[in-house]
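1. Curious how this folds, go ahead:
(one chain, ligands or ions: 1)
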Amino acid sequence: MPDPSARMMEMLHARAAKLGRGESLTPPVVNAAKYALPGDPDHAFPYGRFDNPTWASVEAAIGVLEDAETVCFPSGMAAVTAAIMACLKPRARILLPSDGYYTVRVLLDEFLRQHDIDVTELPTGQMSDHDVSGYDLVWLETPSNPGLDVCDIAAIAARTHESGGLVCVDNTTATPLLQPVLDLGADLAVSSDTKALCGHSDVLFGHVAGRDSALMERVRQWRKLSGATPGPSEAYLAYRGLMTLDVRLERMCANAEALANLFYSHPATGSVRYPGLADDPSYPTATRQMARPGFIIGIQFTDAATAERFIEDCPAVFHATSFGGIQTSGERRARWGDDVPDSYVRLSVGCEPADALLGAIRQTLDSLT
Ligand SMILES: Cc1ncc(COP(=O)(O)O)c(C=O)c1O
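-> As a prediction, this is how the structure comes out:
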């Protein structure tokens, strides 16, 4: 596995290395629809929808972490859509996780199935052994959101490539620092950077990265033609959040590892899902392909009311959807219709000081017994 800290180090200093005297270390926010464009329009920045210097700064930074060409988008779903559209062929066959982020399934159901696109759904836990021959696109999300099952990216990518298909991995729950999906063989990495990559719960953002320049040109073309373009201020916020990814992940993963053990051993909880627990079904594969098991924990309580009480009563848990932020937050995913038990809480572990976080959560759990 490549050394993620080397890529982080390179990313932190990449911009500085190119600066001239008096130029700012932080990228300027370029609010521009028009650029000076005399003569042939072959300039890098001909028009605001085509490209923007602030997008270019954040794309260069994420591109170092991915070690790949990167195109940014105004949300994770805009990135997901671009990746799918770039890979799509007439009458394409797509393999999709049945337990991944539900909006991707709704998108395909509502807008693509009627155009002779064949979509097969399969749980993430069964992907590694599935016969992938004949699929034009295999879509993976590992660890899956919200169930935290994992699949073997390298094995699936190798088999999909043998029969001429493409593999796209939604890497939102892991980030390129914890799981370098392109190094594992994926053709495209997709991410909702709204989550941990930007990490401050203040911006919607997304990106697609890949090492095949023709495929990435399709992704770029999709952005330009569909107009799914991020605002320059959002690109700046994304850049700023990204700079602390490594330190945030360090704290989030350490907190999650400690909390997973607490939930696991506490009488107020039932089963616990965390890819870092030795008896979790995800453990063997996660240990092979992830640098650390991440910052999301799935906890089953005795019933939905107890799960709600845990979230509401605990001062260290912000009751909200989404994940990957500074503050620990959680929700019952069944309230969105996800196929998980009613009492299942997806907890996104944040950057709080460990003792205070564990103390507050332990106290709330004790009060539930
Ligand atoms: C795994 C995953 N992919 C994509 C998305 C979509 O991201 P966004 O909300 O930034 O559009 C989400 C959002 O929760 C997600 O969890």
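
2. Next, the residue in the stretch 101-250 of the chain that the ligand sits nearest to: phi, psi?
-> Nearest residue of the stretch 101-250 of the chain to the ligand (C-beta to the nearest ligand atom) works out as S192 at 3.0 Å. To be clear about C-beta, it is placed using only N, CA and C from the backbone, and glycine gets the same treatment. Main-chain torsions, S192, degrees, to the nearest 10: phi -90, psi 100.

3. what does L96 give?
-> Taking degrees, to the nearest 10, you get phi -130, psi 140 for the backbone angles of L96.

4. my guess is it meets T120, correct?
-> Yes - using C-beta atoms under 8 Å as the test, L96 is close enough to T120 to be in contact (7.0 Å).

5. So these two - more neighbours on which side?
-> Set side by side, L96 and T120 show more neighbours around L96, with 20 against 13, by other C-beta atoms under 10 Å.

6. Quickly list what the more buried one is bridged to.
-> Taking DSSP bridges as the rule, L96 bridges to E121.

7. Show me which residues of stretch 3-11 are buried.
-> 4, 7-8, 11 (16 or more other C-beta atoms under 10 Å).

8. Could you export it as PDB, CA atoms only?
-> Taking C-alpha atoms only, stretch 3-11 is exported to PDB below (Å, rounded to 0.1, in the frame of the first residue of the first chain):
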ATOM      1  CA  ASP A   3       2.400   5.600   2.100                       C
ATOM      2  CA  PRO A   4      -0.500   8.000   2.700                       C
ATOM      3  CA  SER A   5       1.600  10.400   4.800                       C
ATOM      4  CA  ALA A   6       4.000  10.900   1.900                       C
ATOM      5  CA  ARG A   7       1.100  12.000  -0.300                       C
ATOM      6  CA  MET A   8      -0.200  14.300   2.500                       C
ATOM      7  CA  MET A   9       3.200  15.800   2.900                       C
ATOM      8  CA  GLU A  10       3.500  16.400  -0.800                       C
ATOM      9  CA  MET A  11       0.000  17.900  -0.900                       C
END
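
9. Tell me the gap between that stretch and the middle of its chain.
-> Its chain's C-alpha centre and that of stretch 3-11 lie 18 Å apart, by C-alpha atoms, centre = their mean, to the nearest Å.

10. what does it contact?
-> 61, 64-65, 67, 176-178, 180, 242, 245-246, 291 (C-beta atoms under 8 Å, 6 or more residues apart in numbering).

11. again, but for stretch 149-157
-> Contact with stretch 149-157 is made by 99, 123-125, 127-128, 130, 132, 138, 140, 142-144, 167, 169, 179, 181, 184-187, 275, 281-282, 285-286, 288-290, as judged by C-beta under 8 Å, 6+ apart.

12. Would you reformat the contacts of stretch 3-11 as JSON lines and include neighbour count, secondary structure and distance to the ligand?
-> Below are the contacts of stretch 3-11 laid out as JSON lines (neighbours: other C-beta atoms under 10 Å; DSSP: H, G, I helix; E, B strand; the rest coil; distance: C-beta to the nearest ligand atom, whole Å):
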{"residue": "A61", "neighbour count": "23", "secondary structure": "helix", "distance to the ligand": "18"}
{"residue": "V64", "neighbour count": "20", "secondary structure": "helix", "distance to the ligand": "21"}
{"residue": "L65", "neighbour count": "24", "secondary structure": "helix", "distance to the ligand": "17"}
{"residue": "D67", "neighbour count": "16", "secondary structure": "coil", "distance to the ligand": "21"}
{"residue": "P176", "neighbour count": "27", "secondary structure": "helix", "distance to the ligand": "14"}
{"residue": "L177", "neighbour count": "24", "secondary structure": "helix", "distance to the ligand": "16"}
{"residue": "L178", "neighbour count": "23", "secondary structure": "helix", "distance to the ligand": "14"}
{"residue": "P180", "neighbour count": "26", "secondary structure": "coil", "distance to the ligand": "17"}
{"residue": "L242", "neighbour count": "23", "secondary structure": "helix", "distance to the ligand": "15"}
{"residue": "L245", "neighbour count": "25", "secondary structure": "helix", "distance to the ligand": "16"}
{"residue": "D246", "neighbour count": "18", "secondary structure": "helix", "distance to the ligand": "21"}
{"residue": "A291", "neighbour count": "18", "secondary structure": "coil", "distance to the ligand": "19"}
